[in-house]
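Peer 1: Structure of the sequence below:
(4 chains)
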Amino acid sequence: MRRIRVHPDDFDIAAESAALLAACKQAGALASFTGVVRSTSAHPITALYLEHYPGMTEAALARIAAEAESRFALLGCTLIHRIGTLEPGQNIVLVLAAAAHRQPALDATGFLIDFLKTSAPFWKKEIFPDGTSAWVFPRDGDAQAASRW
Amino acid sequence: MRRIRVHPDDFDIAAESAALLAACKQAGALASFTGVVRSTSAHPITALYLEHYPGMTEAALARIAAEAESRFALLGCTLIHRIGTLEPGQNIVLVLAAAAHRQPALDATGFLIDFLKTSAPFWKKEIFPDGTSAWVFPRDGDAQAASRW
Amino acid sequence: MPITILYFAWLRERTGTGIEQLVLPQGVSTVADLIVFLRGRDAAHDAAFASPLVRAAVNQVFARPQTPLSPGDEVAFFPPVTGG
Amino acid sequence: MPITILYFAWLRERTGTGIEQLVLPQGVSTVADLIVFLRGRDAAHDAAFASPLVRAAVNQVFARPQTPLSPGDEVAFFPPVTGG
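Peer 2: Below is the predicted model of the structure:
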């Protein structure tokens, strides 16, 4: 059971959790990761613009999900990534992983978000309070996090 | 921000996620673990009965949350555990952890569920299709999982 | 000294007791002493405490056999926890 | 040979192009060759591809400089990805 979606609309983690569990009757564990637009006093932004490569994105997410399925005792997973202009506090990405027991669900969730960040063609641009903007530069830690697996 | 609850009623992961994020304005990452009543063809059950030690449970969960706050760069966490009689597919436990970035949120979620399983006074009894029942025996892996931290 | 004793899960079922208040005789001053005392009370308690899996808490904190008891303590007996 | 080229993020902004279809001259047979060819077309492309951060995909799979090109390929250029 693999659910992959890329769209501007928000997602409902309760509805997505229920849908994944309904499709994975033997699941005893569901882990999730939600990424949220962050604006801090040290680095204030008014919006985040998310662009992607239609077609390649879905293929890349399917490859990442297949890799997680091959590595962990997963019953199913959900990957949802929003695109377009988002405001601070809004959801960006949802990863859900269902398994019989907690460790594969937790491990797969970490794996999926690490690889999504390094292997799926999304690009973020930050819009600042003065109206200027800048494309986000990858964090060094992202490649390191993905290389652990 | 620490939200701890023990009650028979179900929880809504979307409402809990929104409440935690609303209280953690600097959060960029929210991780969760949901435990679900599991019935399999190899080990069918009709219900799970959950008993706890009122008072000590809340104190134990507060200690576990405080330990997670001291170990990880957590902005907040939520621990909800249901008690009473639950059916297969129903939620048992919810752990939410909010942080600025993904790694502390994911690590704290794993830590919280591992310690909840070994350090909070809950007991599970399985009810079988023939009407008999048996108290659940701890899995060896649970103490091992908690000892990793 | 007066104490309150709570039993959970199969300790509650096997002793047939959820909560009781007792006045302990002289010499019963630790969790281990209390278990010996309780086992001597009746066959149900003796059978319940025969398991090596019995765990205890004193005043809602996990305790060991040598944990000392004080007047007014709340002592709980239960099997290994299985939440989550 | 005919190919389609896509540009994303600041590659799109700096080249002023989102998508274009080109017929490549003889000798342009790898991703690296294509970058050299594109940089020679105008100052905007030259500036965009001057960054060491340019990444590429061929037919929606991440590619390397030496990845060969075939007629009808879809080639994309973009900065390092920053999703999630």
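
Peer 1: what about stretch C:18-26, how long is it end to end?
Peer 2: From its first residue to its last, stretch C:18-26 covers 24 Å (CA to CA, to the nearest Å).

Peer 1: and the residue of chain A nearest chain C?
Peer 2: When distances are taken as CB to the nearest CB, chain A reaches nearest to chain C at A:Arg102, 7.7 Å away. Where you see a C-beta, it was placed from the backbone N, CA and C, and this is true even at glycine.

Peer 1: contacting residues around that residue?
Peer 2: Taking CB atoms under 8 Å, 6 or more residues apart in numbering or on different chains as the contact definition, A:Arg102 lies against A:Gly28, A:Ala29, A:Ala31, B:Phe33, B:Gly35, B:Ile113, C:Gly84.

Peer 1: 10 Å instead?
Peer 2: For A:Arg102, the residues meeting the contact criterion (CB atoms under 10 Å, 6 or more residues apart in numbering or on different chains) are A:28-31, B:33-35, B:93, B:95, B:109-110, B:113-114, B:117, B:141-142, B:145, C:84.

Peer 1: Same question for A:Gly35.
Peer 2: A:81-82, A:91-95, A:113, A:116-117, B:27-30, B:101-102, B:105, D:83-84.

Peer 1: Filter the residues you listed down to just the buried residues.
Peer 2: Using 16 or more other CB atoms under 10 Å in any protein chain shown as the burial test, the contacts of A:Gly35 include A:81-82, A:91-95, A:113, A:116-117, B:27-30, B:102, B:105, D:83-84 as buried.

Peer 1: Mind telling me which residue of chain A is nearest chain D?
Peer 2: Closest point on chain A to chain D, by CB to the nearest CB, is A:Phe122, at 2.7 Å.

Peer 1: isn't that residue right up against A:Leu50?
Peer 2: Yes: look at A:Phe122 against A:Leu50 with CB atoms under 10 Å: they come within range, at 6.0 Å.

Peer 1: neighbour count winner among those two?
Peer 2: Residue environment comparison for A:Phe122 versus A:Leu50 gives the larger neighbour count to A:Phe122, 27 against 22, counting by other CB atoms under 10 Å in any protein chain shown.

Peer 1: List the beta-bridge partners for the more buried one.
Peer 2: When bridges are called by DSSP bridges, A:Phe122 pairs up with A:His52.

Peer 1: In contact with it, which residues?
Peer 2: With contacts taken as CB under 10 Å, 6+ apart, A:Phe122 has the following neighbours: A:6, A:50-53, A:57, A:60-61, A:81-83, A:92-93, A:116, A:136, D:8-9, D:78, D:81-84.

Peer 1: Which of those residues fall in strands?
Peer 2: Per DSSP state E, strands hold the following members of the contacts of A:Phe122: A:Val6, A:Leu50, A:Glu51, A:His52, A:His81, A:Arg82, A:Ile92, A:Val93, D:Phe78.

Peer 1: out of those, who's nearest C:Val28?
Peer 2: Distances from the ones in strands among the contacts of A:Phe122 to C:Val28 were compared by CB to CB; the smallest belongs to A:Val93, at 59.2 Å.

Peer 1: Spatially nearest residue to that closest one, not counting backbone neighbours?
Peer 2: If the residues on either side of it in the chain are set aside, A:Val93 comes closest to A:Gly35, at 4.2 Å by CB to CB, 6 or more residues apart in numbering or on different chains.

Peer 1: Just read off the phi/psi values of the one you found.
Peer 2: phi -100, psi 140 (degrees, to the nearest 10).

Peer 1: re the thing from before, among the contacts of A:Arg102, which are located in strands?
Peer 2: Per DSSP E, strands hold the following members of the contacts of A:Arg102: A:Ala29, A:Leu30, A:Ala31, B:Phe33, B:Thr34, B:Gly35, B:Val93, B:Val95.
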